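Trainee: Predicted model and sequence follow; I will ask about them next.
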Amino acid sequence: MNILFLDQSGHLGGAELSLADVAESHRDRCLVGLFADGPFRAHLEKRSIPNTVLVHNTIQIKRSSGWIHSLSQTYFLLPCILQVAKLARSYDLIYANTQKALVIGGLASRLACRPLVYHLRDILSAEHFSTANRFIAIKIANYCASLVLANSEATRSAFIAAGGQPNITQVVYNGFIPEQYQIDADSTNQLKHQLGLKDDQFIVGHFSRLSPWKGQHVLLKALAKCPEQIVTLLVGDALFGEQEYVQQLQQQVIDLGLENRVHFLGFRSDVPQLMAVCDLIAHTSIAPEPFGRVIVEGMLCDRPVIATRAGGATELIESGKTGWMCTPNDADQLAAKILYCYHHPCQTAAIAHEGKRQASQRFNLQFTNQVIDQHLDSVLQQSQKISPLRKAMPSNTLFNQSTF
Ligand code: UDP
Ligand code: GLC
């Protein structure tokens, strides 16, 4: 099966890392079309996944864009839609991984008569998207997609609540390679000392882009309520123009007198190694997290994880058994949980082991990719039933490439 994957971002976010894991298993017969250049393209190159940048101008629709802005920008997307439609004729299926990819891929799929699969990685609620953006996404998904793969039950429910068709959705959790999260003690100690961390410190790691809804400020508030030897690593950078939030966090560190206890490490590509350095991983999103790769990654690293009780995160952790959950935006509760872990290392280690055991079984990339492939096969079979001519001819010879 030849697949044209589409993603709007040049950055390396969770959606992009997850897409790379899916695309890698199709790398002999796929293309990842991007709507921006950047580190994601470099990541695909490194993994020998064929890719191309389709548009070089940034698409100006934001999550908060209103009706007039969103619709006027859709007009400017026309050349890109035609470009994707033309390209799609050499592929069996279009696989849109983000919302802008859905808009472009959805309309292109209609023009090119190719089935569209939408991997929905966002919670389509008012907390995350404007009414206009939700409306457009739902209409295009309902009208164009043969299948919507949701990254959690929470994501699927929000899609349906916003008007999405239930019968085209399937939940598929993200998959991971557990072996990539087994880090030896020697390199962990080395990294710890490179980072200037002391052996008697209790290290709370936070791994995420710096963004208000990811709630790093809540962790800083909680840290201020904990003893001095509890310190934190903030791993990640502002990816989507949220530089102001970074400044706010830096100011908060000064205001709370935490200068010696908070390490801003910026974006790193050695997340498993850094997680191994930590005694605890905190996830603090204040809006519902669609899935939360970092939660599973922390579990796979055999580290106790505290996550906020909202969205897909509630499907990843069984509180008190495989990790802990606390109320979003509640620094007191978070501080209490951190202190519990600090004072009860044996109980905490037992929870971390159980978390690792369950995460290795439930979120295995091999299984995830098998399930996705089965879904894609049935979409393709279904579409060939509808237009049997396509079955008889190879995808790249069916249409005259020069029609557009
Ligand atoms: N990540 C990374 N380097 C960093 C910070 C985060 O590689 O400095 C990775 C992290 O390991 C995870 C992903 O980025 O795999 C973030 O995905 P998640 O689903 O947690 O959140 P998203 O940012 O996609 O909402
Ligand atoms: C999105 C979501 C995140 C999820 C990731 C991968 O970036 O924000 O929660 O883990 O996609 O599906």
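Mentor: Everything's here; your move. Note that this is a predicted model, so its numbers are computed, not measured. Ligands and ions are numbered 1, 2, ... in the order given.

Trainee: Run through who's touching stretch 349-369.
Mentor: Stretch 349-369 is touched from outside by 21-22, 25, 172-178, 296, 298-305, 316-318, 320-324, with contacts defined as Cβ atoms under 8 Å, 6 or more residues apart in numbering. For the C-beta atoms, the positions are set from N, CA and C on the backbone; glycine is no exception.

Trainee: Any buried residues in that stretch, and which?
Mentor: Neighbour counts over stretch 349-369 (16 or more other Cβ atoms under 10 Å) mark 351-352, 355-356, 358-360, 362-365, 368-369 as buried.

Trainee: now those in CSV, with distance to C113, secondary structure and pLDDT?
Mentor: Compiled in CSV, those are given as follows (distance: Cβ to Cβ, whole Å; DSSP: H, G, I helix; E, B strand; the rest coil; pLDDT from 0 to 100):
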residue, distance to C113, secondary structure, pLDDT
I351, 52, helix, 98
A352, 50, helix, 98
G355, 46, helix, 98
K356, 46, helix, 98
Q358, 43, helix, 98
A359, 41, helix, 98
S360, 42, helix, 98
R362, 37, helix, 98
F363, 35, coil, 98
N364, 35, strand, 98
L365, 32, helix, 98
T368, 29, helix, 98
N369, 27, helix, 98
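
Trainee: Now tabulate those in a markdown table and tack on distance to ligand 2.
Mentor: Shown next, in a markdown table, are the buried residues of stretch 349-369 (distance: Cβ to the nearest ligand atom, whole Å):
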| residue | distance to ligand 2 |
| --- | --- |
| I351 | 22 |
| A352 | 20 |
| G355 | 17 |
| K356 | 19 |
| Q358 | 17 |
| A359 | 14 |
| S360 | 18 |
| R362 | 14 |
| F363 | 11 |
| N364 | 15 |
| L365 | 13 |
| T368 | 11 |
| N369 | 14 |
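
Trainee: Looking at those, which one is closest to K86?
Mentor: Distances from K86 to the buried residues of stretch 349-369, taken as Cβ to Cβ, are shortest for N369 (28.5 Å).

Trainee: check contacts around A287.
Mentor: Applying Cβ under 8 Å, 6+ apart, we find A287 in contact with 123, 127-128, 213, 310-311, 328.

Trainee: make it 7 Å
Mentor: 127-128, 213 (Cβ atoms under 7 Å, 6 or more residues apart in numbering).

Trainee: And for T155?
Mentor: 120, 122-123, 290, 312.

Trainee: make it 8 Å
Mentor: Residues near T155 by Cβ under 8 Å, 6+ apart: 120-123, 171, 290-291, 311-312.

Trainee: quick one: A137 and V305, what's the gap?
Mentor: Distance, A137 to V305, by Cβ to Cβ, to the nearest Å: 30 Å.

Trainee: Which of the two has more residues huddled nearby?
Mentor: The neighbour comparison of A137 against V305 (other Cβ atoms under 10 Å) goes to V305, with 29 against 24.

Trainee: How much space separates the more buried one from P227?
Mentor: Distance of V305 to P227, computed by Cβ to Cβ: 21 Å.

Trainee: can you tell me which of the contacts of stretch 349-369 are in helices?
Mentor: 21-22, 296, 298-300, 316 (DSSP state H).

Trainee: Most widely separated two among those residues?
Mentor: For the ones in helices among the contacts of stretch 349-369, the farthest-apart pair by Cβ to Cβ is V22 and G298; their separation is 21.9 Å.

Trainee: neighbour-wise, which of these two wins?
Mentor: Between V22 and G298, counted using other Cβ under 10 Å, G298 has the larger neighbour count: 33 against 26.

Trainee: tell me the SS of the nearest residue to H283 once chain neighbours are set aside?
Mentor: Excluding the flanking residues, the one nearest H283 by Cβ to Cβ, 6 or more residues apart in numbering is A307, at 3.9 Å. Put simply, A307 is strand when judged by DSSP: H, G, I helix; E, B strand; the rest coil.
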